[in-house]
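When you get a sec, could you give me coordinates for this:
(3 chains)
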Amino acid sequence: MSKNKSEYLINRKDNQYEVVIGLEVHAQVTSDSKLFSTSSTKFGAEPNTQVSLVDAAFPGMLPVINEFCVKQAIKTGIGLNAKINKRSVFDRKNYFYADLPQGYQISQFKDPIVGEGKVILDMPEGQKEVGIERLHLEQDAGKSIHDIDPDNTLVDLNRSGVALMEIVSKPDLRSPDEVSAYIKKLRSIMRYLGTCDGNMQEGSLRADVNVSVRLKGSKDFGTRCEIKNVNSIKFMQSAIDYEANRQVDLIEEGKAIDQETRLFDTKKNETRSMRSKEDAHDYRYFPDPDLLPLEVSDEFIEKLKSDIPELPDDKKKRFINEFKLSPYEATILVSDIEIAKYFEQVVTKMGKNRDIKLAVNWITGELFALLNSKNLEISQSPISAKNLSILINLIKNGTISGKIAKTVFEHMIDGDQDPQKIVQEKGLKQQSDPKALEALIDKIINDNREKAIEYKNGKEKLFGFFVGQAMKASSGKANPQLINEILKKKL
Amino acid sequence: MTIDLKTIKHIAKLSRISVDDEKAKKLAGDLNSIFDFIEKLNELKTDQIKPLTSIAETSLKLRNDEIKSQNMREEIIKNSPEKNEDYFVVPKVIE
Amino acid sequence: MTDITKQTLSELINNIKTKKISSEEVTKAFIDRSEKSKKLNTYITESFDRAIKKAKQFDQNPNFDLKLPGIPIAVKDLFCTKDVKTTAGSKILNNFIPTYESTVTQNIWNEGAILLGKLNCDEFAMGSSNETSYFGNVESPIDENLVPGGSSGGSASALAANLTPVTIGTDTGGSIRQPASFTGTVGLKPTYGSCSRYGIVAFASSLDQAGPMSQNVKDCAILNEVISSYDEKDSTSVDFKRGKYSVELSKNIKGKKIGIPKEYRVDGMPKEIEELWQKGINFAKDCGAEIIDISLPHTTYALPTYYIVAPAEASSNLARYDGVKYGFRSKGDNLIDMYEKTRSEGFGSEVQRRVMIGTYVLSSGYYDAYYLKAQKVRNLIKNDFDEAYKKVDAILTPSTPSSAFKIGEKKDDPVSMYLNDIFTVPVNLAGLPGISIPAGHDKKGYPLGLQIIGKAFDEQNILNIAYSMEEKINFKNKIADWWIK
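The predicted model follows:
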């Protein structure tokens, strides 16, 4: 058995294997136009309507680089605590494919724009550092469509030439859970920076997953297989799980693992060898003679650095220090920049007498449940940060109880209504007048004399009964704290 | 150095040019005489020399992130030897 | 008035501006002569009807402030021309009609020029004799069955035969200067980055440059002034201050230091080339220049370097011709089969040979030994010129190691064909401007050219030297119109 419960090991007879995973993440750069051409990058357009002469590789067409994409890559590099290379070179990666009109992809091979860096993962057993090998800029390819025409493959070049950042990790990941945490962390950082929207359904974020296995404790790497183009975290995890087990089985059977490229079949939940790999790839990289080396100055980089917003790791530290959150709470709240923004808005709007704990509970509890049930992002929340902060303050200052607050919350969903108005209109204000409550409790004790005696004789459980009766009698509006105090006194 | 037929066929495959044996033989002859002539470079020691990647005496200029190219599907597909209205068409690819 | 087609570009401009002749008359004269000259096979695509229409339009609404007012010009078929078929001399593009215009040709239309048609060239500009064109050999007006040189062979032949007043070619290893030398015309390869490569079918991106070809140096300066421009659509275009080459043209080269590189005295160089060179040196002295012996020690490595760099870039540049987006396509059982058939049927044998060489030198295990090595040697070659230019203002060499040869003479021996470019290739590798001017004849009466190489962006200087020497040389082309029955 493993020493800690999150360790991912594969057991066969007496052997324990660990899995070694490295990721090549392809993140689409957020930009209006493509990396080397002036056509739009917008998702979902009609086929071949966002294709320029450059994207379709017409004779004599030449690439001209988009400055914004360069800035985005550098910003991402800064977010990954990485070395920014002041001189980088665009190379051609040569291969033939239907959706690669130039017959080569412009990429960066020897001299990428960003060098080594690292990201920190928050795992249940503590923090884990994952090394970044490099980040480079490259062109996306078009799309081959195999299922429209039975006899032919159709090609849509809308994506052709869109800027991608390829972020290559070191082989530091050891489990599907770590892969999930890594992808989420990368996505979070890029969303904070606004450099990639991280939308996996639209293919803005996808990864090639390199998987190998080795006996636990071994220092050598096993033969790795590359699972191409996986576009959801769930699929990545299943693919790794399947692939690692497949490799272990081969080893146990005394068979060799072929170093190869594989595809993840999402229907069968398994990986398989790609049929189209019939000749060994030889990409014949060489510097693109249509472009010059990309040179950026220190000032250029410094300017970008000064524009970098507070990133998740720093924000988390601040939340812990400033708001006294637990690391767990802070991690949840900083994971998505929109959640963090919402949280901070609520906190700010709550004013001086704020109850942060209560705010955290309401956001991660009621609000998240609501968003989940309606399948909404926090940016689409039906309840604004302002109104939620008012609701929380109403609880805090005793105007309504937590229970009533839930009723108010339900009403707020419809048109983001002001909770104060709801409380007033529906008469939900908490009864906190001690005299009125005393009268109410006197009546309840009177009506339930026998139970009151039983209580006095030691049947303490009955206290709850009286609280319940009091709340019922007040239609839930009685201040629970006061009820408790008065009951204790009277019984 | 001699380039053999196997190498010629491998290079032809990478170049996506079909060659039969006869053509491969002819190409091997041509390429070998050209490489005999290229081998002259081996006389030079170049360990300390930096490669020249671009001769243009300028730095890479960066353009603004602006969409200037609008929908030109018709123009793009017009010259395609086999097509339908919306797509380029190639023989069925099996991945 | 003399025969319109025998007039120089500057004479034509002058005569149109002073309304002595109309654009339509000029255009018709060149079309008439072109019609009679089909035997030379200079045109791949004629645009005669359209040219006449445009000429009429010009005459109706003339603008004499333009630099090429109503001047008809035929250009090499490597320039993409909007709505006019562009083939690059290849079967693989034999039905390609661009929807766009190259910057260089757009520049001449903007100055009032009119497209006569697209001129024959070696396939994808790969050749030194115009024998690799899918559209057949071009004959030189100098003599029957004589090559005009290449790759801008159709351009050189059409120019020398007076089928176009001037023309534009492209030069990757000598493709303007060598055919100019073979046909007794003037050809300038500008500094790399001077003319935009946008819309020119690419051969080798780090070497390709468009340039003017003309009857004389002045016309060359006029045309270069129009075609050279900074272009944001080409990342290798250089934003330097371009001179008014024709206005600043001067015959005063007194005190200019001209270098004579000893390494260009190659083994087996014909005596008449040797003598031509000496004659050139004497003329330069007569013009007041100072002659200085220099050394370009890595000259001998230029050709091997070129035959690595150019095919490597070409192998990648030509990958886009795959039968999918445009051009010729062959039926195939599957995608790969379609690619292979399309490319082996669509490309001629020289192009296939060079694509193969390029693929080989870039392939895994050979990159360092060939491509990287060549890039290093390219640096050495450039350094040679940098060193030389500390001592001299320009360099004078022969343009070619021999005069024009007969069609078929060198076709089966690629290496001997490649040796044609021995004096021109170093200039492309170093990205420098070079001009070939006619300077004499060999014993067969075939023209011979001299090359003047300048510092980067110093086109004005080599134009001035050429202009000054041109007067002294007083070359007369011997063309007997043998092809006109």
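
Only C-alpha atoms from now on, for both contacts and neighbour counts.
Will do.

ok, now which ones touch the residue nearest to residue C:262 when sequence neighbours are not counted?
Spatially, and ignoring its direct neighbours in sequence, residue C:262 is nearest to residue C:295 (5.8 Å; C-alpha to C-alpha, 6 or more residues apart in numbering or on different chains). By C-alpha atoms under 8 Å, 6 or more residues apart in numbering or on different chains, residue C:295 lies in contact with C:260, C:261, C:262, C:263, C:384, C:388.

Restricted to helices, list the residues you listed.
Those of the contacts of residue C:295 mapping onto helices are C:384, C:388, per DSSP state H.

buried subset of the contacts of residue C:295?
Neighbour counting by 16 or more other C-alpha atoms under 10 Å in any protein chain shown classes C:260, C:261, C:384, C:388 among the contacts of residue C:295 as buried.

Widest-spaced pair of those?
Within those, C:260 and C:384 form the most distant pair, 13.1 Å apart (C-alpha to C-alpha).

Name all residues that make contact with the residue of the stretch 51-200 of chain A found nearest chain C.
Scanning the stretch 51-200 of chain A for the residue nearest chain C gives residue A:60, at 3.9 Å (criterion: C-alpha to the nearest C-alpha). By C-alpha under 8 Å, 6+ apart, the residues touching residue A:60 are C:80, C:102, C:197, C:198, C:199, C:200, C:201, C:202.

Against residue A:142, how distant is the fourth one?
If I follow you right, that is residue C:198. Distance of residue C:198 to residue A:142, computed by C-alpha to C-alpha, to the nearest Å: 23 Å.

repeat for the third one
The spacing between residue C:197 and residue A:142, counted by C-alpha to C-alpha, is 25 Å.

Would it be right to say that residue A:468 lies in a helix?
Yes: counting by DSSP: H, G, I helix; E, B strand; the rest coil, residue A:468 falls inside a helix.

how deep is residue 30 tucked in, by neighbour count?
By default, I'm working from chain A. Other residues within reach of residue A:30 by the criterion other C-alpha atoms under 10 Å in any protein chain shown amount to 24.

Can you look at chain C instead?
Neighbour count of residue C:30, defined by other C-alpha under 10 Å: 23.

With residue A:439 instead?
If you count neighbours by other C-alpha under 10 Å, residue A:439 ends up with 10.

Give the other helices and strands that the strand or helix carrying residue B:8 contacts.
Following DSSP states H and E, one finds residue B:8 within helix B:5-15. Using 3 or more C-alpha pairs under 8 Å, 6 or more residues apart in numbering or on different chains; DSSP states H and E, the elements in contact with helix B:5-15 are helix B:21-38, helix C:349-362.

ok, back up a step: how close does the residue nearest to residue C:262 sit to residue B:38?
Taking C-alpha to C-alpha as the measure, residue C:295 falls 22 Å from residue B:38.

and what of residue A:409?
81 Å.

quick one on the thing from earlier: so what's the spatially closest residue to the residue of the stretch 51-200 of chain A closest to chain C that is not a sequence neighbour up against?
Distance criterion C-alpha to C-alpha, 6+ apart; nearest residue to residue A:60, sequence neighbours excluded, is residue C:199 at 3.9 Å. Counting by C-alpha under 8 Å, 6+ apart, residue C:199 touches A:59, A:60, A:61, C:79, C:80, C:100, C:101, C:102, C:103.

what angle do the helix holding residue B:8 and helix C:349-362 make?
Counting by axes from the mean of the first three to the mean of the last three C-alpha atoms, to 10 degrees, helix B:5-15 lies at 100 degrees to helix C:349-362.

Now do the phi/psi pair for the residue nearest to residue C:262.
Residue C:295 adopts backbone torsions of phi -130, psi 130, taken as degrees, to the nearest 10.

pLDDT value on it, please?
If you check residue C:295, the pLDDT there is 98.

ditto for residue B:95
Looking at residue B:95, the pLDDT reads 64.

ditto for residue A:447
87.

Could you check how far it is from residue A:485?
Applying C-alpha to C-alpha, the value for residue A:447 to residue A:485 is 19 Å.

Between residue C:197 and residue A:142, which has more neighbouring residues?
residue C:197 (29 against 23).

So what's the residue count around the closest residue to that one other than its chain neighbours?
In space, and not counting its chain neighbours, residue C:197 is closest to residue C:234: 6.3 Å by C-alpha to C-alpha, 6+ apart. Residue C:234: 23 surrounding residues under other C-alpha under 10 Å.

So what does residue C:234 have for phi and psi?
Torsion angles at residue C:234 (phi, psi; degrees, to the nearest 10) stand at phi -120, psi 110.
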